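Chemist: any chance you could fold what I've pasted below:
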Amino acid sequence: MIIHALVLVASNLLPSQPPEAVVDRVVDSITSGPIASDIDRLVSFGTRHTLSRTDSETEGIGAARRWLASEFERYAKEAGRDDVTVEIESHTVPADGRRIFEDAEVVNVVCTIPGSNPETRDRLYYVISHYDSRASGANDIEAAAPGANDDGSGTAVCLAVARALMHEQLESTVIVMPVAGEEQGLYGARMHAAQAADAGKDVRAVLSCDIVGDPTGPGGKEARDRVRVFSEGIPTALLAEEGRAMSAVRMLRTLSAESDSTSRQLARYLAEVADIHDLPVKPMLIFRPDRFLRGGDHTAFNEAGFPAVRMTEVFENYDHQHQDVRTEDGRQFGDLPEFVDPEYIAGVAKLNAAAIVNLANAPSVPGNARIIAAELTNDTTLRWEASPESDVAGYEIVYRETTSAFWQDTIDVGNTTEGTLELSKDNWFFGVRSYDNDGYRSPVVFPIAARE
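Modeler: Numbers count the residues shown, from 1 in each chain. Have a look, this model is predicted:
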């Protein structure tokens, strides 16, 4: 079935909104009070350096991870969830002569909230942070390293999202995971992501929150309603494939798909969700993998071939990152709790939770999406394979100008697997997404070029 649509009847993007009830309930449950308490508790461990002590109940990374696990378990018990699992996931990392000076156990805390729908339960959606911290010296395991912002703030987001989602029955599985070893080389995230890839896990999206606690910056700058969202354009995993990298780059160049990776579609999805639900903190999309000279755990998932983005406050104050706690010439250094804003962190947590609700309840993206380029035409035909879920209600073709960063318009083509638009494929970028009976929409899939 072919649907012909004129640009004159194109509606605004996302013409009808996903159900508000679930998102509103989740967002309203996230408040700043518990987040402030969580930050204080994380700081109370003195240091959470990956190689710090593990034999104390009050100090060091061992005490921190046990507390995190107990919090997730408490949330599940209070919500009456006997299906939630909390795992202390340990990986042995050999000494590397740099930041791992002796063989070490790097431990992630993995809270799994199973999906309620057997059709989609194997789809995995992550919210992650790193709970380890550091002072000025990367290998200083004794110095105070409060880590209130880097990355106590992201860990507080993980806790807040878990608290909120425990009370919902989302269709797909959500994993909330504070990881360790980030400051030593992304070890916790890399080992988890690699194992997930080797096991063929269906990881659909990873939201990494790292340094999301301070909406202010040096010189009186403020961005209380924004958080940066970094996303890769050309997929890291594609470039790493031996023998395929150059052909993949050629294909991306032919399609002009340098800015349409699955991670970038995920970033755009976050922006749409924030606008639909009018969230207090909205994404400021940054179209690069990360900041200069820095890295984060989302990179580990990108390397494994999974869609992943990083969230970070807009203005970073480097006096409060990777610094020994001290005062010099009246200037306070150190990553202390007085330099984070629990209300802002709550806003970032609301963004994460709202996105996860939409992602986990939406259908899969359409399969094998393609633009038909068999002959010269002034219109555009797209074809795709139906999403596998039984509640799929239809599909939308979205499009944007080639110079636009965002999808600008959409046309509902109904429950079909083909659509023709009276718009030239030479002049626009196109995508396809599915929607279900409840109005949840999948992320956009960018089509390849094909003859049929």
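Chemist: make it CA atoms for all contacts and neighbour counts henceforth
Modeler: Fine.
Chemist: just to check, S172 is in contact with L124?
Modeler: Yes - in this structure S172 lies within contact range of L124 using Cα atoms under 8 Å: 6.6 Å.
Chemist: counting neighbours, go ahead and name the busier of the two.
Modeler: S172 (25 against 22; other Cα atoms under 10 Å).
Chemist: nearest residue to the more buried one other than its sequence neighbours?
Modeler: Excluding its sequence neighbours, the residue lying closest to S172 (Cα to Cα, 6 or more residues apart in numbering) is G115, at 3.9 Å.
Chemist: tell me, how many residues neighbour the one you found?
Modeler: Quick note: G115 (other Cα under 10 Å) scores 22 neighbours.
Chemist: check the one 3 residues further on too.
Modeler: By other Cα under 10 Å, the residues close to P118 number 10.
Chemist: could you look up the SS state of it?
Modeler: Classification of P118 using DSSP: H, G, I helix; E, B strand; the rest coil returns coil.
Chemist: with E73 instead?
Modeler: helix.
Chemist: I88 is in contact with that one, correct?
Modeler: No - checked against Cα under 8 Å, the pair E73 and I88 is beyond contact range at 11.8 Å.
Chemist: so which of these two has more stuff around it?
Modeler: A direct count of neighbours by other Cα under 10 Å for E73 and I88 places E73 higher, at 19 against 14.
Chemist: in which helix or strand would I find the residue positioned nearest the centre of the chain?
Modeler: Centrality entry for the chain: nearest residue to the mean C-alpha point is L207, 1.4 Å, by Cα atoms, centre = their mean. Per DSSP states H and E: L207 is located in strand 202-209.
Chemist: domains of the chain?
Modeler: Following automatic domain parsing, one gets these domains for the chain: 4-18+366-450, 20-361.
Chemist: in this protein, what spans have low per-residue confidence?
Modeler: 1-18 (pLDDT under 70).
Chemist: hmm, 90 instead?
Modeler: 1-21, 96-98, 100-102, 238-257 (pLDDT under 90).
Chemist: T50 versus the residue nearest to S172, what's the distance?
Modeler: Distance, G115 to T50, using Cα to Cα, to the nearest Å: 32 Å.
Chemist: same question, L186
Modeler: 11 Å.
Chemist: for the two, list the residues in contact with both.
Modeler: A180 (Cα atoms under 8 Å, 6 or more residues apart in numbering).
Chemist: how about the strands in the stretch 351-452 of the chain?
Modeler: 367-372, 380-385, 392-401, 409-414, 418-421, 428-436, 448-450 (DSSP state E, counting those that start in this stretch).
Chemist: and the stretch 201-350 of the chain, by the same measure?
Modeler: Using DSSP E, counting those that start in this stretch, strands in the stretch 201-350 of the chain cover 202-209, 216-217, 221-222, 226-230, 282-286, 308-312, 326-328, 331-333.
Chemist: can I assume I175 sits in a strand?
Modeler: Yes - I175: assigned to a strand according to three-state DSSP.
Chemist: that one reaches I113, doesn't it?
Modeler: Yes - when contacts are counted by Cα under 8 Å, I175 is listed as touching I113 (6.2 Å).
Chemist: show me which residues of stretch 372-391 are buried.
Modeler: Residues of stretch 372-391 classed as buried under the neighbour-count rule (16 or more other Cα atoms under 10 Å) are I372, A373, T380, T381, L382, R383, W384, A386, S387.
Chemist: now render the residues you listed as JSON lines, adding distance to A346.
Modeler: JSON lines is the format used below for those (distance: Cα to Cα, whole Å):
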{"residue": "I372", "distance to A346": "45"}
{"residue": "A373", "distance to A346": "47"}
{"residue": "T380", "distance to A346": "43"}
{"residue": "T381", "distance to A346": "44"}
{"residue": "L382", "distance to A346": "41"}
{"residue": "R383", "distance to A346": "41"}
{"residue": "W384", "distance to A346": "39"}
{"residue": "A386", "distance to A346": "37"}
{"residue": "S387", "distance to A346": "34"}
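Chemist: closest one of the residues you listed to I30?
Modeler: S387 (32.5 Å; Cα to Cα).
Chemist: just checking, that closest one touches S364?
Modeler: Yes - assessed by Cα under 8 Å, S387 is found in contact with S364 at 5.6 Å.
Chemist: what's the overlap in contacts for the two?
Modeler: S434.
Chemist: is I113 in contact with E168, as I believe?
Modeler: No - checked against Cα under 8 Å, the pair I113 and E168 is beyond contact range at 9.6 Å.
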